[in-house]
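# Got a predicted model here, sequence first, then my questions.
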Amino acid sequence: MASSRRLRRMAASQPGFLTLKPSSDPTDLVGGRRKRVNKNKKKNWNKFSDITDVEEFLEDVRHQERTTGGLLSEKSDDGLFFVDLGQADKAEQKAAEPDEGKKRKGKSTRPLRIDLILQGDSCIPPPKDVLAYQKPNAKKLRRIAQKAEQLAAKGVVPRAQKKLLNRRLADRTVKKAVTEANNNPNRDYYDMWAQESKSPADPWYVLQTGKEQVKRPEKLNQKPSALPAVEVIAPGGSYNPDFLSHQALLQEAHEVEVKKKKQEDKLEKQLAVNREDKATAETALREEVEGLIEDEEDEETSPNKEDEEASGAAITVTEKKTERQRKKEKAEKRKEQQQLSVKRQTVQQQQLFQLRSIKAAIKQQEQQTKKRWSKRKEKQEAQKAQPRRLGKLKFQAPDLEVQLRDELAGSLRQLKPEGSILKDRFKSLQKRNLIEPRERAKFRRKLKVKYVEKRAFKEIT
């Protein structure tokens, strides 16, 4: 450490070193007599180490680099001094100045004070920003670029570039339709109230909007149900039907009622209780005693079973297979595999002679699949006329409006109205899958009714 400080003092005391600060004298940097201190101990290093001369020297060097761009001792004479030749003549000054435009007389082109303040006063260039030159995934991008160059040298065009070139060619070939102005009197006339339906590629629509209509999905053209909006009643429901048609309608209504009756009887039978199946004192005692004797027998036999299981486990643990047994098992497994492979080969050879029967079986199977497909198709067509499950409730068909033989009217004047048109249309919407089956919302009172006797009523009573 002493040798390094001695070198710094020698550098500062050199006659070639120039300082900008008048207070700093090279002779002052060379210290006088120093106090002798034991530097072997670490606590005395910072306490008795004088580095002010080094700091002043380094500060002076930094100051010279900021103001002049380097040390004065390394500068040439032309960079430090200039020859004063006096003030130049006005004619020479005008000739030296280029004509940049009209300027006001007596005003020289000097920068503003605020611009001078904002300018940097250091001659040291700013440090290089390393982060500005860094790129994310630079190594990966460099590898991709190198691969692209290799492919380009071989004449291979990337897929993305090929698609872009094809798309550009397609765009050039397609010409955009020139839309005419709406105020042009010579444009074609279009009847907006015409019965013709607009096609997806309607030229008028394309001409006015510049784009084609969206193609309507085929499923939206299908009706939700194949049933007609208004179903015609059977001929037996007329006010003056013939005997056979009226009897057919009565038979249909009878079958509906029989079906309802069967469902009600089935429900009653499921919920019915047999009066003979009642609990008595004897049955109750039997239930209480049940299982006690069998449990005692099980408890007696269980220890013996446990002993047998323990002995069997001990036997299985102690028994070990010999080498001869293992070889015998491997030979048996190998033999079974060979037999299976031979059997598989024989089956395949036999199938060659069964090609005719296999073809017949395949043909029969195809016919069965066709039949099943046709049945499924018929079932789907039949389901189109049936109401679907759209909500939590099932569709319930309305009751048939049937009149008995003695209730029939002979003329329209004596005919009595039956049913409701509103209910009929509502049920028709449900049957055609346009709305889901619904029930009328029940009124539920949130708060209980409170009865209060008025004062006048109390006085009377």
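Received the coordinates, thanks.
# Now do Lys431: how many residues are near it, please.
19 (other C-beta atoms under 10 Å). No exception for glycine: its C-beta is placed from N, CA and C like everyone else's.
# correct me, but it touches Leu390?
No - counting by C-beta atoms under 8 Å, Leu390 is not a contact partner of Lys431; they are 11.2 Å apart.
# Report pLDDT for the spatially closest residue to Ala409 that is not a sequence neighbour.
Excluding its sequence neighbours, the residue lying closest to Ala409 (C-beta to C-beta, 6 or more residues apart in numbering) is Leu415, at 4.5 Å. pLDDT, Leu415: 86.
# roughly how far apart are the spatially most central residue of the chain and Lys384?
By C-alpha atoms, centre = their mean, the chain has its centre lying nearest to Pro217, at 25.5 Å. Distance, Pro217 to Lys384, using C-beta to C-beta, to the nearest Å: 18 Å.
# what sits against the residue nearest to the centre of the chain?
With contact set as C-beta atoms under 8 Å, 6 or more residues apart in numbering, Pro217 has no partners.
# Could you give the backbone dihedrals for it?
phi -60, psi 150 (degrees, to the nearest 10).
# how close does it get to Thr209?
21 Å.
# do the same with Glu436
Distance from Glu436 to Thr209, by C-beta to C-beta: 38 Å.
# neighbour count winner among the two?
The neighbour count for Glu436 versus Thr209, taken as other C-beta under 10 Å, is higher for Glu436 (15 against 12).
# who touches that one in this structure?
390-391, 393, 430.
# which among the residues you listed end up buried?
Buried members of those, counted by 16 or more other C-beta atoms under 10 Å: Gln430.
# can you redo the contacts of Glu436 as TSV with pLDDT and distance to Val273?
Formatted as TSV, the contacts of Glu436 follow (pLDDT from 0 to 100; distance: C-beta to C-beta, whole Å):
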residue	pLDDT	distance to Val273
Leu390	91	38
Gly391	90	35
Leu393	93	30
Gln430	94	38
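# out of the contacts of Glu436, which one sits closest to Lys260?
Leu393 (17.9 Å; C-beta to C-beta).
# leaving aside the residues next to it on the chain, what's closest to the closest one?
Pro437 (4.3 Å).
# residues near that neighbour, how many?
18.
# three-state assignment of it?
Secondary structure state of Pro437, per DSSP: H, G, I helix; E, B strand; the rest coil, is coil.
# circling back to that earlier point, let me know the closest of the contacts of Glu436 to Asp242.
Gln430 (32.1 Å).
# Which strands and helices lie in contact with the helix or strand hosting the closest one?
Assigned by DSSP states H and E, Gln430 belongs to helix 421-431. Helices and strands touching helix 421-431, as assessed by 3 or more C-beta pairs under 8 Å, 6 or more residues apart in numbering; DSSP states H and E, are absent.
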